[in-house]
Structures are given as C-alpha cells and as structure tokens.
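A.B. asks: After the sequence you'll find the predicted model.
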Amino acid sequence: MTLAFPNASRSYDEGARRVRFWGHDGMTEVPFAIEFAALEGLEPLLVQTEPNALKAFDTWRERIQRVAHQVYSRQRRGVQVLAASDFQGRSAR
C-alpha cells in the first residue's frame with residue numbers, strides 16, 4: 001500500500017517536545033511524531049511553545065510528510081519519530 005496523509009490533524013506533546021500526526025497505509029493508521037529539534041532545523045528562530053510548534057508544522061507540512069514517507073519506507077515501527085538528522089541533505093520545501 002501507499003502511505004497517505006488524509007487527516008490534517010496534529011497535536012503537540014509538550015512532555016516529549018514533539019508534534020504528533022498520523023498517516024495511513026491502506027487501512028492501517030501509522031502514528032508519526034516530529035521532534036522539536038527537527039522543527040528548529042526548519043525554522044532556526046523557533047521558540048518552544050505549542051502554538052509556534054504547530055504553526056511551524058503547518059508551514060512545513062509538505063516537506064515533513066515527504067520525509068515521513070522516506071523514513072517509513074526504510075523502517076516500519078510503532079511510532080515513526082522524525083529527528084533533525086532525517087532532514088539533513090533533503091531538498092527545501
């Protein structure tokens with residue numbers, strides 16, 4: 001099946017410093033999270049607050065989803081956590 005992101009919902013997990021979002025591989029829901037450090041790599045002056053993290057996620061959603069697809073295709077596991085290193089060497093927006 002192909003990974004898709006039909007649901008635009010996302011949430012901020014302050015304790016883990018991550019934005020959570022979900023994809024679907026056929027009928028299977030695939031949980032993802034992007035670390036705040038990865039968002040800082042996309043927006044270097046980002047201040048750690050929930051509104052800022054969610055806004056940065058929305059701004060970079062297409063790129064984040066492309067990287068999520070690449071990470072998921074390499075290794076499928078419970079929660080796919082995107083780190084700053086997953087975005088190094090990737091094309092801009």
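C.D. replies: Thanks, I have the structure now. Numbers count the residues shown, from 1 in each chain.

A.B. asks: Can you list the low-confidence ranges for the chain?
C.D. replies: Low-confidence segments of the chain, defined by pLDDT under 70: 1, 89-93.

A.B. asks: All the helices of it, residue numbers only.
C.D. replies: Taking DSSP state H, the helices of the chain run over residues 36-42, 50-59, 61-74.

A.B. asks: Quick check: which of those is nearest to Asp25?
C.D. replies: Nearest to Asp25 among the helices of the chain is helix 61-74 (7.6 Å), distances taken as CB to CB. (C-beta placed from N, C-alpha, C; glycine too.)

A.B. asks: what comes up buried for that closest one?
C.D. replies: With burial defined by 16 or more other CB atoms under 10 Å, the residues of helix 61-74 counted as buried are Ile64, Gln65, Val67, Ala68, His69, Val71, Tyr72.

A.B. asks: got TSV for the helices of the chain, with distance to Arg10 too?
C.D. replies: TSV is the format used below for these (distance: least, CB to CB, whole Å):
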stretch	distance to Arg10
helix 36-42	12
helix 50-59	6
helix 61-74	8
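
A.B. asks: Of those helices, which is nearest Ala83?
C.D. replies: helix 36-42 (5.7 Å).

A.B. asks: Please name every helix or strand in contact with the closest one.
C.D. replies: In terms of contacts (3 or more CB pairs under 8 Å, 6 or more residues apart in numbering; DSSP states H and E), helix 36-42 is packed against strand 18-25, helix 50-59.

A.B. asks: Pick the most buried one from those.
C.D. replies: Comparing those by mean neighbour count (mean count of other CB atoms under 10 Å), strand 18-25 ranks first with a mean of 19.

A.B. asks: Starting from it, tell me which strands it pairs with and how they run.
C.D. replies: Strand 18-25 has the following strand partners under DSSP bridges: strand 3-4 (antiparallel), strand 10-13 (antiparallel), strand 28-35 (antiparallel).
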